[in-house]
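J.: need coordinates for the below:
(one chain, ligands or ions: 1)
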Amino acid sequence: MEFDAIVIGAGHNGLVAACALAQEGSRVVVLEARDLVGGACVTEEIAPGFRVSTAAYSFSLFRPEIFEALQLSKYGLSFYAKDPRMFVPLPDGRHFFVWRDAARTREEIARINEHDAAAYDRWNAFWDEVADVIRPMILAEPPSLNALEKRLADQGRSELFRLAIAGSAADTVAEFFESDEVQGAFVGQGVIGTFAGPHDPGTAFVMTYHAFGGELVDGAATWAYVRGGMGAVTQALAARARDLGVKIRTSSPVSSVLVEHGRSTGVALADGTEVRAPVVLSNADPKRTFLTFVPAGSLPDEFLARVRALDTTGSVVKVNFALSELPDFTCLPGVGPQQAGTIELSPSVAALDAAYADAKTGRVSTRPYMEVYIQSVTDPSLAPDGAHVASCFAQYAPGSVPMDEWGSMRDGAGDAVIDTLASYAPNVKRSILHRQILGPADLEARFGLTGGNIFHGEILPGQIFGERLGARTPIRGLYLCGSGAHPGGGVCGAPGWNAARAVREDLIR
Ligand SMILES: Cc1cc2nc3c(=O)[nH]c(=O)nc-3n(C[C@H](O)[C@H](O)[C@H](O)COP(=O)(O)OP(=O)(O)OC[C@H]3O[C@@H](n4cnc5c(N)ncnc54)[C@H](O)[C@@H]3O)c2cc1C
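T.: The predicted structure follows:
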């Protein structure tokens, strides 16, 4: 056989798995459906000269162990912290910044609410403690949620379990802050990519999931921009993989995994070509992997039922723009730090509740929750001179509506995003040269994300830690190496790394 292992999909996790296996001497081929590598971690041109991070846009979660082991800094991967972390314009014309510097942030928050300014250090200390609990579990075999609850209770940390895992994001922010404005600014991290409202149980964990990283940036859960956009991450991984001898074949959609006598023996491509290897790793999400690639009758009913029951609802509308000029905020006119970091359009928990209420009744949120990014302010390579690229990560789409239904909603969703941004920066409307609107059905069609769920399945209790799928599958030789496996989505590399470790352990065994 020509190869020891086949990786289906060149998302960042597939590439991490390929590198890890090749570093140990395996002959690996990666088969990617699209004509470019990267999955949801790519930089693409949306209009001549305008390049955006089409899907993922910020970098924080990537595991330092993997970054070091794969020597990614030698492959042109570089990033820089967002500072300010957030600019928060408010509907009544006020605003505040959240800087990397805590003292400066306290001063900003004090203009909004003295109590909340005083609580800010306690908030940061809490997230440091949470990160210390979560990080050791990411590249390890995870405990069940019950076991974790018991472990934390035995350590006298039941409150941490409630505030960082089982409870709601709304309760967590309310534990620290009293003003609508400050609660609103921080609560959004609890619903990112998730079809749930801020009062839903488990959204505290979505918040935690966005706060365990940052070690490569500054150690403080800071989010960064990648130079050249997020595609630079997967370009670096692909370059490393090729140096290690990995063959990467794009425009090579896999249609099935070959299973003989309970073992995977290779894959068949859509054009009928078969590629054989004793080990197959799927970077595609679990539903795609187990419900479409694997032949009927190859998996136990119980496992299939578990896969079918996975919640893969989509919630995100990503709108990418080519702009002729920067948004000019009424509350802070001109050009400055207000355009440099994350622009958080989340004025209160109630506003987020209202946005979710729209989606639950089958409509796109009229006033979506949004994180806005204008990376070309700090990385001019992404847009022509004087022009800019901006992205709005907006919620909510009304779940995973099918493409024909979504087709009649798409423009309205884009308009809601623009109207919301324009209510803070009215010049936006005249500055739009091009817009690309990607709702759940578009994310599924473009990136293969079932339901348009950005994490290959919700990261809520029932689908996290020991209750998330692992790398091993009921079919010998077949592994899951994408975000559907522990610990979950985000550009962290962990599922790919964990899968390569499982392959190695099984070979030794
Ligand atoms: C809009 C959006 C915004 C996001 N923002 C962020 C962010 O700012 N920061 C962050 O850390 N994370 C973010 N995420 C989440 C993150 O991008 C994903 O969780 C992560 O990139 C998934 O990586 P993966 O390698 O597990 O899978 P994917 O990136 O989904 O890769 C799977 C690959 O498999 C390929 N594939 C599928 N089917 C086949 C087939 N039949 N044959 C061959 N190949 C196939 C796909 O084409 C794809 O390349 C965002 C995601 C989205 C969609």
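J.: the stretch 101-250 of the chain: helices as residue ranges?
T.: Using DSSP state H, counting those that start in this stretch, the helices of the stretch 101-250 of the chain run over 102-110, 114-138, 145-154, 158-161, 169-176, 180-187, 203-209, 231-243.
J.: put the alpha carbons of the third one into CSV.
T.: Meaning helix 145-154. Listed next in CSV are the C-alpha coordinates belonging to helix 145-154 (Å, rounded to 0.1, in the frame of the first residue of the first chain):
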residue,chain,number,x,y,z
LEU,A,145,-19.5,15.8,33.2
ASN,A,146,-20.7,14.1,36.4
ALA,A,147,-17.2,13.0,37.3
LEU,A,148,-16.0,16.6,36.7
GLU,A,149,-18.8,18.0,38.8
LYS,A,150,-17.8,15.6,41.6
ARG,A,151,-14.1,16.3,41.3
LEU,A,152,-14.7,20.1,41.5
ALA,A,153,-17.2,19.6,44.5
ASP,A,154,-14.5,17.5,46.3
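J.: quick one: contacts of that helix?
T.: Helix 145-154 is touched from outside by 133, 143, 158, 160-161, 165-166, 461, 464-467, with contacts defined as Cβ atoms under 8 Å, 6 or more residues apart in numbering. All C-beta atoms are positioned from the backbone trio N, CA, C, and that covers glycine.
J.: filter those residues down to the ones near the ligand?
T.: Checked against the ligand using Cβ under 6 Å from any ligand atom, the contacts of helix 145-154 give no members in range.
J.: make a markdown table out of the residues you listed and add neighbour count and pLDDT.
T.: Compiled in a markdown table, those are given as follows (neighbours: other Cβ atoms under 10 Å; pLDDT from 0 to 100):
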| residue | neighbour count | pLDDT |
| --- | --- | --- |
| 133 | 19 | 95 |
| 143 | 14 | 97 |
| 158 | 14 | 97 |
| 160 | 18 | 97 |
| 161 | 21 | 98 |
| 165 | 24 | 98 |
| 166 | 16 | 98 |
| 461 | 16 | 97 |
| 464 | 24 | 98 |
| 465 | 21 | 97 |
| 466 | 15 | 97 |
| 467 | 15 | 98 |
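J.: quick check, nearest of the residues you listed to the ligand?
T.: residue 464 (14.0 Å; Cβ to the nearest ligand atom).
J.: what does the stretch 1-150 of the chain put close to the ligand?
T.: Near the ligand, when you scan the stretch 1-150 of the chain using Cβ under 6 Å from any ligand atom, you find 8-14, 31-34, 39-41, 55-58, 61.
J.: just say which of the helices of the stretch 101-250 of the chain is most tucked in.
T.: Highest mean neighbour count among the helices of the stretch 101-250 of the chain (mean count of other Cβ atoms under 10 Å): helix 203-209, with a mean of 27.
J.: residue nearest the middle of the chain, spatially speaking?
T.: By Cα atoms, centre = their mean, the mean C-alpha position of the chain lies nearest to residue 490, the distance being 3.3 Å.
J.: from the ligand, how far off is that residue?
T.: Applying Cβ to the nearest ligand atom, to the nearest Å, the value for residue 490 to the ligand is 4 Å.
J.: same check on residue 112?
T.: Residue 112 is 26 Å from the ligand, by Cβ to the nearest ligand atom.
J.: tell me the contacts of the closest residue in space to that residue that isn't next to it in sequence?
T.: Excluding its sequence neighbours, the residue lying closest to residue 112 (Cβ to Cβ, 6 or more residues apart in numbering) is residue 181, at 5.0 Å. With contact set as Cβ under 8 Å, 6+ apart, residue 181 has these partners: 88, 90, 94, 96, 112-113, 347-348.
J.: put the buried members of those into a ChimeraX selection.
T.: ChimeraX command restricting these to the buried ones, with burial defined by 16 or more other Cβ atoms under 10 Å:
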select :88,90,96,112,113,347,348
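J.: take the contacts of residue 181 and lay them out in CSV including secondary structure.
T.: Shown next, in CSV, are the contacts of residue 181 (DSSP: H, G, I helix; E, B strand; the rest coil):
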residue, secondary structure
88, strand
90, coil
94, coil
96, strand
112, coil
113, coil
347, coil
348, coil
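J.: wait, residue 51 sits on residue 384?
T.: No: look at residue 51 against residue 384 with Cβ atoms under 8 Å: they stay out of range, at 10.3 Å.
J.: compare these two (neighbour count), which wins?
T.: Taking neighbours as other Cβ atoms under 10 Å, residue 51 and residue 384 compare with residue 51 leading, 22 against 16.
J.: who's in contact with that one?
T.: Here residue 51 is in contact with 43-45, 228-229, 381-383, 389 (Cβ under 8 Å, 6+ apart).
J.: ok, now residue 345?
T.: 89, 368-372, 420-421, 424.
J.: quick check: the residue of the chain positioned farthest from its centre vs residue 477, distance?
T.: Going by Cα atoms, centre = their mean, the residue of the chain most distant from its centre is residue 261, 36.7 Å out. For residue 261, the distance to residue 477 equals 11 Å [Cβ to Cβ, to the nearest Å].
J.: returning to what we had before: so which of the contacts of residue 51 sit within strands?
T.: 43-45, 389 (DSSP state E).
J.: quick one on the thing from earlier: which of the residues of the stretch 1-150 of the chain next to the ligand fall in helices?
T.: 12-14 (DSSP state H).
J.: what is the burial count for the closest residue to the ligand within the stretch 51-200 of the chain?
T.: Closest residue of the stretch 51-200 of the chain to the ligand, Cβ to the nearest ligand atom: residue 56 (3.3 Å). For residue 56, the count of nearby residues is 25 (other Cβ under 10 Å).
J.: also residue 305?
T.: Residue 305, neighbours per other Cβ under 10 Å, totals 10.
J.: before we move on, what about residue 67?
T.: Neighbours of residue 67 (other Cβ under 10 Å): 17.
J.: in TSV: the ones in strands among the contacts of residue 51, plus neighbour count and pLDDT.
T.: Shown next, in TSV, are the ones in strands among the contacts of residue 51 (neighbours: other Cβ under 10 Å; pLDDT from 0 to 100):
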residue	neighbour count	pLDDT
43	23	98
44	17	98
45	13	98
389	28	98
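J.: ok, so of the contacts of residue 51, who is nearest residue 416?
T.: residue 389 (20.3 Å; Cβ to Cβ).
J.: you'd agree that closest one is up against residue 321?
T.: Yes: contact criterion Cβ under 8 Å: residue 389 and residue 321 qualify, at 6.8 Å.
J.: residue 169 and residue 158: what is the separation?
T.: Counting by Cβ to Cβ, the gap from residue 169 to residue 158 is 18 Å.
J.: cool, and residue 212?
T.: 20 Å.
J.: do the same with residue 78
T.: 41 Å.
J.: go on, residue 102?
T.: 27 Å.
J.: over to residue 121?
T.: With Cβ to Cβ as the criterion, residue 121 and residue 158 are 23 Å apart.
J.: look up how far residue 221 lies from residue 395.
T.: 21 Å.
J.: with residue 113 instead?
T.: 22 Å.
J.: ramachandran angles for the spatially closest residue to residue 294 that is not a sequence neighbour?
T.: Counting by Cβ to Cβ, 6+ apart, residue 294 lies nearest to residue 257, which is 5.3 Å off, once chain neighbours are set aside. With angles defined as degrees, to the nearest 10, residue 257 sits at phi -100, psi 130.
J.: any idea what residue 257 is bridged to?
T.: residue 267 (DSSP bridges).
J.: quick one: the strands in the stretch 301-450 of the chain?
T.: 316-323, 342-345, 369-373, 388-395, 432-438 (DSSP state E, counting those that start in this stretch).
J.: now distance to residue 235 too, for these, in TSV please.
T.: Formatted as TSV, the strands of the stretch 301-450 of the chain follow (distance: least, Cβ to Cβ, whole Å):
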stretch	distance to residue 235
strand 316-323	19
strand 342-345	24
strand 369-373	20
strand 388-395	18
strand 432-438	21
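J.: many thanks, we can stop here.
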